[in-house]
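Novice: how would this look folded up:
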Amino acid sequence: MNKNLILISAFLLIAAMSCKKNDSAGSTPSTASVSSLSCSGVVFNNEAYMNSPFSATASVPYTGGNGVSYSNGDSIRSTGVTGLTAVLQMGALQNGNGSLTYLVIGIPIGTPAMDSIANFPISFGGRVCNLQLIVKPPVNGGGGGAPPSITALNCSAVSFSVSTATVNTAYTATATIPYEGGNGAPYTIGSAISSTGVLGLSAVLQAGTLANGNGNFLCLVSGTPTSTGTAIFPVSVGGQLCNISLVVNAVNPATPSVTTLGCISASYSVSTATANTAYTAIATIPYAGGNGAAYVNGTAISSTGVTGLSAVLQGGTLANGNGNLSYSISGTPTSTGTATFPISFGGQSCSISLTVNTGATSNRTVYDSIYGAYSITYTSTTVTIKSYDQPNRKSVYWPTNNVLYEAFSGPTFHDSSFIKAPGTIGVQNITLTFPLNPVMASTHAATPMGVIGIGLDGVPFFNQYAAGGVVLGGEIHGFDQYWGHPQMSNMYHYHVEPKYLTTVHATKHSLMGFLLDGFPVYGPEEVGGSTPTGLDVYHGHTHATTEYPGGIYHYHFTNDSPYLNGNGFYGTKGTVTQ
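Specialist: The predicted structure follows:
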């Protein structure tokens, strides 16, 4: 009997140990690992030139992935050719073979007359390899023609010749991506960019020649998407990087339906309208419970309350779940108040509302606050401001023999370390002429490099780009104690909040000056100290201010890019000479 009990106990112990071992074997690994990494022959989707801004992605193949998710990596500094960094982009390993995506950015430094190599020691999942990037000679140092360069890549405005894809169905379309600030250089066909989010698709940049200014890139998108959702392609060209997205639907049902419409959360690309002034905008209305069906343009819905406007549904395809409907709003509102549009779609109904304000009337006394101007004159429709650009306060950029010179060691804007830039504050002669009664423009002009407006102290405003049209970066280190600096012709100017005006002359919610379209600029706060909300793509919104109690569209400085102005002038641009 005792012998039998011993045998049974031993059997149960062995069975328990086996179960515990099987439980452990079935657990999910927590650390990303791969069997091998292959840096050999990795292709970058952009060419690098010495001393020119560079941005590109590289796909590094691996084998033996264990299916674990991983986060963005730390910056890996280049050796050989310095000035570049590579950063692993977060994702999830395949259970088997796949590729890692690295974002490489910076300005390669050097002056060789032949191709050089930038090395990045890659370490991931217990494996290492050396990623190599060929860097061509400087543009003016024997490297041939200028590399393609742009100042902005607008992936949010991408359009596809076939607007949506269907799961497990072959897809081919052309994606058109707008750009700004092209330098006229030719560019070659790109490498295939594999989709993430939804797999099975790839995008290839088609060869062409940049416009000298604005234009469009064409990407050929093809493949068979393996699931529903959003396919994302990281596009890098001309020193700029952004993501384009393509919706992949299930097989579409015949009739569109949604479970809810969020009219209360509707937003407008132009936040308010002005009585008796032409208005055009896109209203975005969230929905939930979409069934993936396609829908066509709707019929015009006339406004009530304030008449003169109409809303038209723009055709598209519902998401399988949550998404947004777009309505084109246009017309000329006949009075002030609230324009209401009754919306009915997919078995649901609600109403959206648009505020219509009075138009801004001329208030010539407001321009008297531009104390840095030496001349202010008017016609019946314009105001002309003239300035010598001589700020009446201390700066490290005054000549050292000037009584306003003051040494400065930092920190400066964004608590950046201060590095004094070349140049001093020199006498200018700047003339700006802009509308006395500004209104929204039918076509919104991009802000130029150089003067885009004037501060109360007579110092010009510049946009969010540094010399050459690159995004502000190292240039911030040269901002003085009041966050201004001179450019090469010694024109002192602001890109960001004019700290003297917001902290000494006035406050952070005060009037700061005007842009070239005549609309006013205010500091980074509202009255009461709150942060401005509802800023549109031009970095402004409409409401009453101290100077304009009837309400007016106005811009705000903010602490983050684009700092003052976004996608261009809200109103019609005036002129500037200097």
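
Novice: Gly478: what's it in contact with?
Specialist: Shown in contact with Gly478 (C-beta atoms under 8 Å, 6 or more residues apart in numbering): Thr412, Phe418, Ile419, Lys420, Ala421, His485. Placement of C-beta: from N, CA and C, glycine included.

Novice: Try it again at 10 Å.
Specialist: Residues in contact with Gly478 (C-beta atoms under 10 Å, 6 or more residues apart in numbering) are 396-397, 412-413, 416, 418-423, 466, 484-486.

Novice: Excluding sequence neighbours, find me the nearest residue to it.
Specialist: Ala421 (3.5 Å; C-beta to C-beta, 6 or more residues apart in numbering).

Novice: Give me the ChimeraX select line for the contacts of Gly478, limited to the buried ones.
Specialist: Remark: buried members of the contacts of Gly478, expressed as a ChimeraX selection using 16 or more other C-beta atoms under 10 Å:
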select :396,397,412,413,418,421,423,466,484,485,486
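
Novice: Out of the contacts of Gly478, the closest to Phe345 would be?
Specialist: Nearest to Phe345 out of the contacts of Gly478 is Ala466 (C-beta to C-beta; 45.5 Å).

Novice: tell me the contacts of the closest one?
Specialist: Here Ala466 is in contact with Met449, Leu472, Gly473, Gly474, Glu475, Ile476, Gly478, Gln487, His495 (C-beta under 10 Å, 6+ apart).

Novice: Kindly report the same for Gly239.
Specialist: 46, 49, 52-56, 105, 107, 147-151, 153, 181, 183, 468-471.

Novice: ok so, going back, quick check, the residue nearest to Gly478 in contact with His485.
Specialist: Yes - if you go by C-beta atoms under 10 Å, Ala421 and His485 touch, sitting 5.7 Å apart.

Novice: Of the contacts of Gly239, which belong to strands?
Specialist: Tyr49, Phe54, Ser55, Ala56, Ile105, Ile107, Leu153 (DSSP state E).

Novice: quick one: which of those is nearest His543?
Specialist: For these, the nearest to His543 is Leu153 (32.4 Å; C-beta to C-beta).

Novice: looking at it, the closest one is touching Cys219, isn't it?
Specialist: No - between Leu153 and Cys219 there is no contact under C-beta under 10 Å: 11.6 Å.

Novice: Now do the shared contacts for these two.
Specialist: Between them, Leu153 and Cys219 share the contacting residues Ile177, Val235, Val237, Ile244, judged by C-beta under 10 Å, 6+ apart.

Novice: Could you find the closest non-adjacent residue to the first one?
Specialist: Meaning Ile177. Phe217 (4.6 Å).

Novice: Sticking with the one you found, tell me its helix or strand.
Specialist: strand 215-223 (DSSP states H and E).

Novice: That strand pairs with which strands, and in what direction?
Specialist: strand 171-180 (antiparallel), strand 201-205 (antiparallel) (DSSP bridges).

Novice: Can you name the element that comes right after it?
Specialist: As the chain continues past strand 215-223, the following element, by DSSP H and E, is strand 229-237.

Novice: Off-centre distance for that following strand?
Specialist: From the chain centre to the centre of strand 229-237 is a distance of 15 Å (C-alpha atoms, centre = their mean, to the nearest Å).

Novice: Next, the angle strand 215-223 makes with it.
Specialist: 140 degrees (axes from the mean of the first three to the mean of the last three C-alpha atoms, to 10 degrees).

Novice: which of the residues in strand 229-237 are buried?
Specialist: Buried-residue list, strand 229-237, by 16+ other C-beta under 10 Å: Gly229, Ala231, Ile232, Phe233, Pro234, Val235, Ser236, Val237.

Novice: which of the strands paired with strand 215-223 is buried the deepest?
Specialist: Of the strands paired with strand 215-223, the one with the most neighbours on average (mean count of other C-beta atoms under 10 Å) is strand 201-205, at a mean of 22.

Novice: Can you show me the CA trace of that strand as PDB?
Specialist: Taking C-alpha atoms only, strand 201-205 is exported to PDB below (Å, rounded to 0.1, in the frame of the first residue of the first chain):
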ATOM      1  CA  LEU A 201       1.600  47.800 -50.300                       C
ATOM      2  CA  SER A 202       4.600  49.800 -51.500                       C
ATOM      3  CA  ALA A 203       5.100  53.400 -52.700                       C
ATOM      4  CA  VAL A 204       7.800  54.400 -55.200                       C
ATOM      5  CA  LEU A 205       8.700  58.100 -56.000                       C
END
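
Novice: can you map out the helices along this protein?
Specialist: Assigned by DSSP state H, the chain shows helices spanning 2-25, 499-500.

Novice: which stretch in those helices has the least confidence?
Specialist: Mean pLDDT is lowest for helix 2-25 among those, at a mean of 40.

Novice: quick revisit: so which of the strands paired with strand 215-223 is nearest Ile122?
Specialist: It is, among the strands paired with strand 215-223 and with distance given as C-beta to C-beta, strand 201-205, at 22.9 Å.

Novice: From start to finish, how long is stretch 119-137 in a straight line?
Specialist: End-to-end distance for stretch 119-137, by C-alpha to C-alpha, to the nearest Å: 16 Å.

Novice: returning to what we had before: from the contacts of Gly478, pick the one nearest Asn97.
Specialist: Of the contacts of Gly478, the one sitting nearest to Asn97 (C-beta to C-beta) turns out to be Ala466, at 42.2 Å.

Novice: Can you give me the distance of the closest one to His485?
Specialist: 11 Å (C-beta to C-beta, to the nearest Å).

Novice: do Gly450 as well
Specialist: Taken as C-beta to C-beta, the span from Gly450 to His485 is 14 Å.

Novice: give me the low-pLDDT residue ranges for the protein?
Specialist: Applying pLDDT under 70 to the chain flags the ranges 1-29, 111, 113, 139-146, 252-254, 358-363.

Novice: Where does the record place the domain boundaries for it?
Specialist: 36-136, 152-249, 260-357, 360-578 (automatic domain parsing).

Novice: Just the endpoints, please. Distance across the second one?
Specialist: Yep, that's domain 152-249 we're talking about. Domain 152-249 has an end-to-end distance of 30 Å (criterion: C-alpha to C-alpha).

Novice: Give me the neighbour count for Thr400.
Specialist: 8 (other C-beta atoms under 10 Å).

Novice: what's near enough to touch it?
Specialist: Ala407, Thr424.

Novice: Check the gap between it and Ala407 for me.
Specialist: Taking C-beta to C-beta, one finds Thr400 at 9 Å from Ala407.

Novice: Asn243 now?
Specialist: Relative to Ala407, and taking C-beta to C-beta, Asn243 is found at 45 Å.

Novice: With Thr572 instead?
Specialist: 43 Å.

Novice: These two: which is more packed in?
Specialist: Thr572 (18 against 9).

Novice: quick one: that one and Met440 touch, right?
Specialist: Yes - with contact defined as C-beta under 10 Å, Thr572 counts as touching Met440 (8.6 Å).

Novice: list residues touching both of those two?
Specialist: Joint contacts of Thr572 and Met440 (C-beta under 10 Å, 6+ apart) are Asp517.

Novice: contacting residues around Asn154?
Specialist: So, once contact is read as C-beta under 10 Å, 6+ apart, Asn154 ends up touching Ile177, Pro178, Tyr179, Glu180, Asn214, Asn216, Gln240, Cys242, Asn567.

Novice: now Thr340
Specialist: Counted by C-beta under 10 Å, 6+ apart, Thr340 has contacts Ile301, Ser303, Thr304, Gly305, Val306, Leu309, Ser351, Ile352, Ser353, Leu354.

Novice: now do Phe341
Specialist: Contacts of Phe341 (C-beta under 10 Å, 6+ apart): 263, 266, 283, 285, 301-305, 309-311, 327, 329, 350-354.

Novice: do the same with Asn243
Specialist: Contacts of Asn243 (C-beta under 10 Å, 6+ apart): Cys155, Ser156, Val158, Thr196, Gly197, Thr230, Ile232, Phe233, Pro234, Val235.

Novice: Kindly recompute the last result at 8 Å.
Specialist: Cys155, Ile232, Phe233, Pro234, Val235.

Novice: from those, which single one is nearest Thr272?
Specialist: Nearest to Thr272 among the contacts of Asn243, with distances taken as C-beta to C-beta, is Cys155, at 27.7 Å.
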